[in-house]
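>>> got a predicted structure here, sequence first:
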Amino acid sequence: MMEKEMLLSIKDIKKWFPVDDKLIGKPTSFVKAVDGVSFDVHKGEVLGLVGESGCGKTTISRSILGLTEPTSGSILFEGKELMGMKKRELRKMRSELQIVFQDPYSSLSPRMRIADTISEPMEIQKKGNRRTRRQRVEELLEIVGLEKSFADRYPHEFSGGQRQRIGIARVLAADPKFMICDEPVSALDVSVRSQILNLLLELKQGFGLTMLFISHDLSVVEYICDRIIVMYLGKVMEIAKRDDLYRNPSHPYTQALLSAIPIPDPTLKKERILLEGDTPSPVDPPAGCRFCTRCAKAQEICRTTAPELKEIEDGHTVACHLA
């Protein structure tokens, strides 16, 4: 079996935010938003990143894009190290790394016409002239399912789903290789979500895109992703191919998440795994497994020793002493 080409490689990324409690001008504690996360993204795949709010999903995406400077670690894109890259070099890379934001109402400037919003990345990269950029804007609007006449309108004239399509068109204008989708359908009506998801899958095939899809909705992730990473409190709990994860969830946290997915058939009953207690503070996380304080299966080793990711089957790794 031929090994897939790797586009992005994250190695031991940490992002600790200092807390304002200072002693002699130095912070005495840190919020460990991301604490030693490693994973690879293969070319042409949709990699899902799931977990509760506050687990570090968005911090990782911002670190990849250079919007947040990680405390330590390595980010390789096509073999090039992004950590510590000079601003001029990073600016050239920006066209290849793009993001679709969660809220389509705040991600578009209300003062800019749609044509200006979509053409802005091309102007920054000095692609084409005014006429060719206008042609490209109209082409992109039609590609994302909108009329080219919408180019002269303003964002307030569109629905949430249409705004998200405009945001996707703006991303495509930069001609990226890698696209981060940060909960792109969570703010949309249920009836519109499937349309946007199908559009993303069509664009993946048509443009040869690689995607990191961030979400807390496991039913959405199951539909669109090829592989899935499960995070909890700044750590990776499990990585697996989509079918393997849903068929054989091996980490207790993953099992609890999957048990919460509603079943559309009311005649079928499903055992729900209820998690007790609150998520520990990221300022003072447990010494062992991050999930041990809420895990019904936790043993003494779970409380004292942090588990490492280990492979239990081909492409399926779990950070659990009991897996």
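In hand now; what should we look at?

>>> which parts of the stretch 1-150 of the chain are strands?
Along the stretch 1-150 of the chain, counting by DSSP state E, counting those that start in this stretch, strands occupy 6-18, 22-23, 26-27, 30-42, 46-50, 72-77, 80-81, 97-100.

>>> now do the helix or strand hosting Met237: distance to the chain's middle.
In this structure, Met237 is located in strand 235-241 according to DSSP states H and E. Relative to its parent chain, strand 235-241 has a centroid offset of 14 Å by C-alpha atoms, centre = their mean, to the nearest Å.

>>> neighbouring contacts of the helix or strand just after that strand?
As assigned by DSSP H and E, the chain's next helix or strand after strand 235-241 is helix 242-247. Under the contact criterion C-beta atoms under 8 Å, 6 or more residues apart in numbering, helix 242-247 has outside partners 48, 221-222, 225-228, 230, 238, 254, 258, 313, 315-316. Bear in mind the C-beta positions are built from the backbone N, C-alpha and C, glycine included.

>>> between strand 46-50 and the next helix or strand after helix 242-247, find me the angle.
Once helix 242-247 ends, the next helix or strand along the chain (criterion: DSSP H and E) is helix 252-259. Using axes from the mean of the first three to the mean of the last three C-alpha atoms, to 10 degrees, the direction of helix 252-259 lies 100 degrees away from that of strand 46-50.

>>> out of the contacts of helix 242-247, list just those in helices.
If you go by DSSP state H, these have Val221, Glu222, Thr254, Leu258 in helices.

>>> contacting residues for the residue most central in space within the chain?
Nearest residue to the geometric centre of the chain (C-alpha atoms, centre = their mean): Ile214, 3.0 Å. Applying C-beta under 8 Å, 6+ apart to Ile214 gives the contacts Gly48, Leu49, Val50, Lys57, Thr58, Ser61, Ile180, Cys181, Asp182, Glu183.

>>> apply 10 Å and report the result again.
47-51, 57-58, 60-61, 99-100, 102, 180-184, 186, 221, 229, 231 (C-beta atoms under 10 Å, 6 or more residues apart in numbering).

>>> go on, Cys320?
237-238, 250-254, 289, 291, 295, 297, 302, 307-310, 312.

>>> so what pLDDT did it get?
On pLDDT, Cys320 comes in at 96.

>>> mind checking how far it is from Ala296?
According to C-beta to C-beta, to the nearest Å, Cys320 and Ala296 sit 13 Å apart.

>>> residues shared between the contacts of those two?
Common neighbours of Cys320 and Ala296 (C-beta under 10 Å, 6+ apart) are Pro252.

>>> and the residue nearest to Leu65 when sequence neighbours are not counted, bridged to which residues?
Leaving aside its sequence neighbours, Leu65 sits nearest to Leu97 (C-beta to C-beta, 6 or more residues apart in numbering; 5.7 Å). Taking DSSP bridges as the rule, Leu97 bridges to Phe178.

>>> is it true that Leu97 touches Lys80?
No: in this structure Leu97 lies outside contact range of Lys80 using C-beta atoms under 10 Å: 11.1 Å.

>>> can you put the strands of the stretch 1-150 of the chain in a markdown table and add mean neighbour count and mean pLDDT?
Formatted as a markdown table, those follow (neighbours: other C-beta atoms under 10 Å; pLDDT from 0 to 100):
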| stretch | mean neighbour count | mean pLDDT |
| --- | --- | --- |
| strand 6-18 | 18 | 94 |
| strand 22-23 | 10 | 61 |
| strand 26-27 | 10 | 76 |
| strand 30-42 | 20 | 94 |
| strand 46-50 | 24 | 97 |
| strand 72-77 | 17 | 96 |
| strand 80-81 | 10 | 93 |
| strand 97-100 | 22 | 94 |
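
>>> report the rounded mean pLDDT for stretch 214-225.
92.

>>> same question, stretch 127-137
Rounded mean pLDDT across stretch 127-137 is 94.

>>> list of residues touching it?
Here stretch 127-137 has contacts from 95, 113-123, 148, 150-151, 169-170, 172-175, using C-beta under 10 Å, 6+ apart.

>>> likewise stretch 76-95?
So stretch 76-95 is contacted by 5-11, 13, 40-41, 43, 63-66, 69-70, 72-75, 96-97, 121-122, 124-125, 127, 173-178 (C-beta under 10 Å, 6+ apart).

>>> many thanks, have a good one.
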